[in-house]
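A.B. asks: mind looking at a prediction? Sequence and model below.
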Amino acid sequence: MRQLPYLDAHGDDGYSVLRYDLHLDYRPGANRLGGRAVITAVARSALNSVSLDFGPLRVDRILFDGKVVRYAHRLGKLRVRPGRVLAVGEEFTVEVRYAGVPRPNRGHWGEIGWTQLTDGALVASQPTGASSWFPCNDRPSDKAAYRISVTTAPSYTVIASGTLVSHTGTTWVYEQPEPTSPYLVSVQIGRYVSAELAKAPVRQPAAVPARLLRAFRHDFANQPRMLKEFSRLFGPYPFTEYGVVVVDEELDVPVEAQAMSIFGSNHVDGRRGSERLVAHELAHQWFGNSVTASDWRHIWLHEGFATYAEWLWAEADGRSCHALALRSHAKLAQLPQDLTLSAPGVRRIFDDRVYERGALTLHALRTAMGDAAFFRLLREWTTAHRHSTATTPDFISLAEAHSAVDVRPLLGAWLDEAPLPPL
Ligand SMILES: [Zn+2]
């Protein structure tokens, strides 16, 4: 039986986007966003309409292959009618002009997407917030290249996914050539000063409120060492740079974006109180951003791995990974055991137990396989699925192929059954 993907109302597998070219104009005080999105895509089945996810912003005009066409926009879907049937393999462009007051989408996970700050804006879209600010094929598996141009008020800095290719006057242009899922595309606008944590093996730029710069430099000083250590354990860092933005407001949790992470002012305390999270967000560049779950059902492939990376960083820093695993296991043993890691249920994809049990699954696997085989497996995982997508069965098959012992029963108990296995 074919399982329906989680959040299957989002995205359309009738076509794949190759490239998004986004031209945005944002006024921070008024919270007004104007946009022109040029989407280049290819039909995967015969189509008489192209369906995009797009939130409450007002659509002004749509061009299909350069010609004005009819469309319908309701309930978060923008249906574009080219007036003919598109053949399988046919490439096309859709240009959408839009404007309005952006606001985040509401879901089981609170407000996600474009969010106005007291002085600026942030984007944190996981899992389905991308449509709050640009029309997209909002499936994690529909990866594309991006070019993002943002014009805003003077004295604001814009950071967007990708590498800054030009900054003239108040317009900032970023290019993200690596395949990127819509939910990982980010724009950050605020009054920031720039810092650089390292130049190699990749540039590690940062944008931080001036008042936090000193504490930031202390708190994030280990990040370059962390990136080297993770590159050794997980394989080469998958992007050409790694940016960090600290917004001038508190955030419940930091968020990962493509080649970038976003932290709140509360994550900078001058005492490295959130270093665990610095490791977690960095690890998402391999697990989540480069190797992306093809469906949210497999979210442990992001969060379990990023949580395990916290423990691996602790280990590299001279602490005991095993002691952290035992503590986590004791904590989980006190909680209800009604969650299956391989299918947690769509409302529980960000449940703490997915994170902790996911990390414990990897620790149990490492204990069974031995360090050498386990880390070979992780490096092969990030290589085989680099800039692509993967599923839990993909991981199980690869683990079996790399292990001298039969790990299928162990992984079955951790992934497919609700009771917590012993460690
Ligand atoms: Zn995470």
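C.D. replies: That came through fine.

A.B. asks: from now on I want contacts and neighbour counts done on CA atoms only, so please keep to that.
C.D. replies: Fine.

A.B. asks: got the contact list for the closest residue to Ala404 other than its chain neighbours?
C.D. replies: Leaving aside its sequence neighbours, Ala404 sits nearest to Met369 (C-alpha to C-alpha, 6 or more residues apart in numbering; 7.0 Å). Contacts for Met369 (C-alpha atoms under 8 Å, 6 or more residues apart in numbering) come out as 403-405, 407.

A.B. asks: again, but for His387
C.D. replies: 178-180, 238, 289-292.

A.B. asks: and for His322?
C.D. replies: His363.

A.B. asks: Glu275 touches Asp219, doesn't it?
C.D. replies: Yes - counting by C-alpha atoms under 8 Å, Glu275 touches Asp219, with 7.0 Å between them.

A.B. asks: where's the residue nearest to Tyr15 when sequence neighbours are not counted relative to Leu7, distance?
C.D. replies: In space, not counting the residues next to it along the chain, Tyr15 is nearest to Ala43; the distance is 4.3 Å by C-alpha to C-alpha, 6+ apart. Distance, Ala43 to Leu7, using C-alpha to C-alpha, to the nearest Å: 22 Å.

A.B. asks: the two - which one has more neighbours?
C.D. replies: The neighbour count for Ala43 versus Leu7, taken as other C-alpha atoms under 10 Å, is higher for Ala43 (19 against 16).

A.B. asks: what sits against that one?
C.D. replies: Contacts of Ala43 (C-alpha under 8 Å, 6+ apart): 14-16, 86-92.

A.B. asks: recalculate using a threshold of 10 Å.
C.D. replies: By C-alpha atoms under 10 Å, 6 or more residues apart in numbering, the residues touching Ala43 are 13-17, 50, 86-92.

A.B. asks: quick one: the strands in the stretch 51-200 of the chain?
C.D. replies: Per DSSP state E, counting those that start in this stretch, the stretch 51-200 of the chain carries strands over the ranges 58-64, 67-68, 70-74, 77-81, 91-100, 105-107, 110-117, 120-124, 144-151, 157-160, 163-168, 171-180, 187-190, 193-196.

A.B. asks: what touches both of Glu275 and Asp219?
C.D. replies: In contact with both Glu275 and Asp219: 267-268, using C-alpha under 10 Å, 6+ apart.

A.B. asks: pull the residues that contact the lowest-mean-pLDDT helix or strand in the chain.
C.D. replies: Scoring the helices and strands of the chain by mean pLDDT, DSSP states H and E places strand 105-107 at the bottom, with a mean of 86. Strand 105-107 is contacted from outside by 55-56, 76, 111-115, 125, 127-133, 347, using C-alpha under 10 Å, 6+ apart.

A.B. asks: secondary structure and distance to Lys143 for the contacts of Met369 - can I get that in TSV?
C.D. replies: Below are the contacts of Met369 laid out as TSV (DSSP: H, G, I helix; E, B strand; the rest coil; distance: C-alpha to C-alpha, whole Å):
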residue	secondary structure	distance to Lys143
Ser403	coil	31
Ala404	coil	35
Val405	coil	36
Val407	coil	32
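
A.B. asks: among the residues you listed, which ones are buried?
C.D. replies: 403, 407 (16 or more other C-alpha atoms under 10 Å).

A.B. asks: Val253: neighbour count?
C.D. replies: 12.

A.B. asks: now do it, the pLDDT please.
C.D. replies: Per-residue pLDDT puts Val253 at 95.

A.B. asks: what's the answer for Glu111, then?
C.D. replies: pLDDT, Glu111: 89.

A.B. asks: burial of it, as a residue count?
C.D. replies: Glu111: 17 neighbours (other C-alpha under 10 Å).

A.B. asks: domain-wise, how is the chain divided?
C.D. replies: 15-187, 193-285, 292-416 (automatic domain parsing).

A.B. asks: for Pro422, find the nearest of those domains.
C.D. replies: domain 292-416 (8.3 Å; C-alpha to C-alpha).

A.B. asks: count of neighbours near Asn137?
C.D. replies: Residues near Asn137, counting by other C-alpha under 10 Å: 29.

A.B. asks: ditto for the one 3 residues further on
C.D. replies: Neighbouring residues of Pro140 were enumerated by other C-alpha under 10 Å; the total is 25.

A.B. asks: look up how far Ser132 lies from it.
C.D. replies: 16 Å.

A.B. asks: and what of Tyr20?
C.D. replies: From Tyr20 to Ser132 the distance is 15 Å (C-alpha to C-alpha).

A.B. asks: all good on my end, thank you.
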